[in-house]
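Enquirer: generate a structure from the sequence data that follows.
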Amino acid sequence: MARKDGTPYDPHAPHPFHNRKTMRWTGFDYTTAADYFITLVVHDRLNLFGRVEDDHVNLSPAGEMVRDTLSVLLDRYPDVEMLQQVIMPNHIHLVLGKYDERVSVPGMIEWFKGFTTYRYGVGVKEQGWPRYHDRLWQRSYYDHVIRNERAFEYILRYVDENPIRWTADHLNPDCKDPDEIMKTVRDMELGTPPPVKAR
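Expert: Numbering: from 1, shown residues only. Purely as a prediction, here's the structure:
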């Protein structure tokens, strides 16, 4: 699988995972250049960003704001590439290629959550968007450092097909039979060592 710039995917190039007590991978340096699968979920799983109809997400004005803020994120961090993204009614999935080791994933996500929370508050006051409870986003978020090409391609396909799989999404409050994406990914990556930071 090639990147946007045409270079092949190399899981061993300076390339590189999440959990709730601390969702971070203990001992991993999140400035490491790697491909990251990131999921952010709305607090209380409220469907604030749109709805799925005919296997397609129709974004609400708040969902459009989140989409626009992702573009701002990429402008702010030019050495980060958006490899895949989807905005769902109550969560977002991102696959980011991060190549600048001066930038940390937690720092990027903290900025994104803060800026979208601010803009959502403006939307509540000025456009009557639905109010959230206590906070816009769950306190933590899920991240996974992608370790090999098989997992990389599976995650890209999963994110792309997320609207089609909404009825089986464990983040869908109405889901009765959730899929287990991360179990599948971990099985695919068994025996693949984690990426290491360039010296």
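Enquirer: by contact count, what packs against the helix or strand Leu96 falls within?
Expert: Using DSSP states H and E, Leu96 falls within strand 91-98. Strand 91-98 is packed against strand 34-41, helix 61-76, strand 80-87, helix 105-127, helix 149-160, with contacts defined by 3 or more C-beta pairs under 8 Å, 6 or more residues apart in numbering; DSSP states H and E. Where C-beta positions appear, they are placed from N, C-alpha and C, glycine not excepted.
Enquirer: which of those is buried the deepest?
Expert: Sort the helices and strands packed on strand 91-98 by mean neighbour count, taking mean count of other C-beta atoms under 10 Å, and strand 34-41 sits at the top with a mean of 22.
Enquirer: low-confidence ranges, the chain, go.
Expert: Residues of the chain that meet the criterion pLDDT under 70 lie in 1-30, 175-179, 193-199.
Enquirer: if we can go back for a sec, distance to Phe49 added to the helices and strands packed on strand 91-98, as a markdown table?
Expert: Converted to a markdown table, those look like this (distance: least, C-beta to C-beta, whole Å):
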| stretch | distance to Phe49 |
| --- | --- |
| strand 34-41 | 11 |
| helix 61-76 | 3 |
| strand 80-87 | 5 |
| helix 105-127 | 10 |
| helix 149-160 | 15 |
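Enquirer: for Asp143, which of those is the nearest?
Expert: Nearest to Asp143 among these is strand 34-41; the distance by C-beta to C-beta comes to 4.9 Å.
Enquirer: could you tell me the angle between the closest one and strand 91-98?
Expert: On the basis of axes from the mean of the first three to the mean of the last three C-alpha atoms, to 10 degrees, strand 34-41 is oriented at 160 degrees to strand 91-98.
Enquirer: which strands and helices sit next to strand 34-41?
Expert: For strand 34-41, the elements it packs on are strand 91-98, helix 105-127, strand 142-145, helix 149-160, judged by 3+ C-beta pairs under 8 Å, 6+ apart.
Enquirer: using CSV, list the CA coordinates for the first one.
Expert: Included here for strand 91-98 are C-alpha records, laid out as CSV according to Å, rounded to 0.1, in the frame of the first residue of the first chain:
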residue,chain,number,x,y,z
HIS,A,91,-17.2,9.6,17.5
ILE,A,92,-14.5,10.1,15.0
HIS,A,93,-11.8,7.7,13.7
LEU,A,94,-8.5,9.0,12.4
VAL,A,95,-5.5,7.3,10.8
LEU,A,96,-2.7,9.8,11.1
GLY,A,97,0.8,9.5,9.7
LYS,A,98,3.1,11.6,12.0
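Enquirer: what residues does it touch?
Expert: Outside strand 91-98, the residues that touch it by C-beta atoms under 8 Å, 6 or more residues apart in numbering are 3, 33-42, 45, 49, 66, 70, 77, 79-86, 105, 108, 146, 155-156, 158-159, 162, 171.
Enquirer: rerun at 6 Å
Expert: Residues outside strand 91-98 that contact it (C-beta atoms under 6 Å, 6 or more residues apart in numbering) are 35-41, 80-81, 83-86, 159, 171.
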